[in-house]
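**Student:** dropping a prediction and its sequence here:
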Amino acid sequence: MNKVRLVILFTILNVFALILHLWIMGSTFTISSLSDVLFVVGIITFLPSIVAMTKAYVVFQGFSYAMKSLFARNFKTQYPNFKDYQSVKEDDVKTTFFIELLIASGIVMVIGIILAVI
């Protein structure tokens, strides 16, 4: 885990929260508005990072194979079986980016929850 990248991601999420707050709520900062914006930014980045870490996107490879085999002309000759298509799509990205994104977005989301309780 790269701590510098974690701090950069946390800073980027907070900048996004500030921009969202200025765009939606204006320049009047209250605890309620800050908690809303921080929670929204945190949850929007937290859930996709969980999907990426657990590789749940593999579920959609079956839908992609079915649609491409129906509508693409040379797709069925290139990938006669789903197993062939799946073996090509198994590009494991060995990075800790999603772990760091999960941690940074979790911190932002927890800060939003704490501000909502206050």
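**Tutor:** Looks like it arrived, so ask away. Numbers count the residues shown, from 1 in each chain.
**Student:** where in the protein is pLDDT low?
**Tutor:** Applying pLDDT under 70 to the chain picks out residues 91-95.
**Student:** which stretches in it count as helices?
**Tutor:** With DSSP state H applied, the chain shows helices at 3-24, 31-54, 60-71, 75-78, 82-89, 97-117, listed in chain order.
**Student:** can you redo these as a markdown table with mean neighbour count?
**Tutor:** The way it works is simple: take the backbone N, C-alpha and C, and place the C-beta from them, glycine included. Output for the helices of the chain, formatted as a markdown table (neighbours: other CB atoms under 10 Å):
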| stretch | mean neighbour count |
| --- | --- |
| helix 3-24 | 15 |
| helix 31-54 | 17 |
| helix 60-71 | 12 |
| helix 75-78 | 12 |
| helix 82-89 | 12 |
| helix 97-117 | 18 |
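**Student:** which residues touch Tyr57?
**Tutor:** Listed by CB atoms under 8 Å, 6 or more residues apart in numbering, the contact set of Tyr57 reads Val51.
**Student:** from Leu47, how far off is it?
**Tutor:** Tyr57 sits at a distance of 12 Å from Leu47 (criterion: CB to CB, to the nearest Å).
**Student:** tell me which residue lies nearest the centroid of the chain.
**Tutor:** Per CA atoms, centre = their mean, the C-alpha nearest to the average position across the chain is that of Pro48, at 2.9 Å.
**Student:** give me the outermost residue of the protein relative to its centroid.
**Tutor:** Thr77 (34.1 Å).
**Student:** for Ser69, see how far away that one is.
**Tutor:** With CB to CB as the criterion, Thr77 and Ser69 are 10 Å apart.
**Student:** what of Leu9?
**Tutor:** From Leu9 to Ser69 the distance is 38 Å (CB to CB).
**Student:** same question, Val108
**Tutor:** Val108 is 41 Å from Ser69, by CB to CB.
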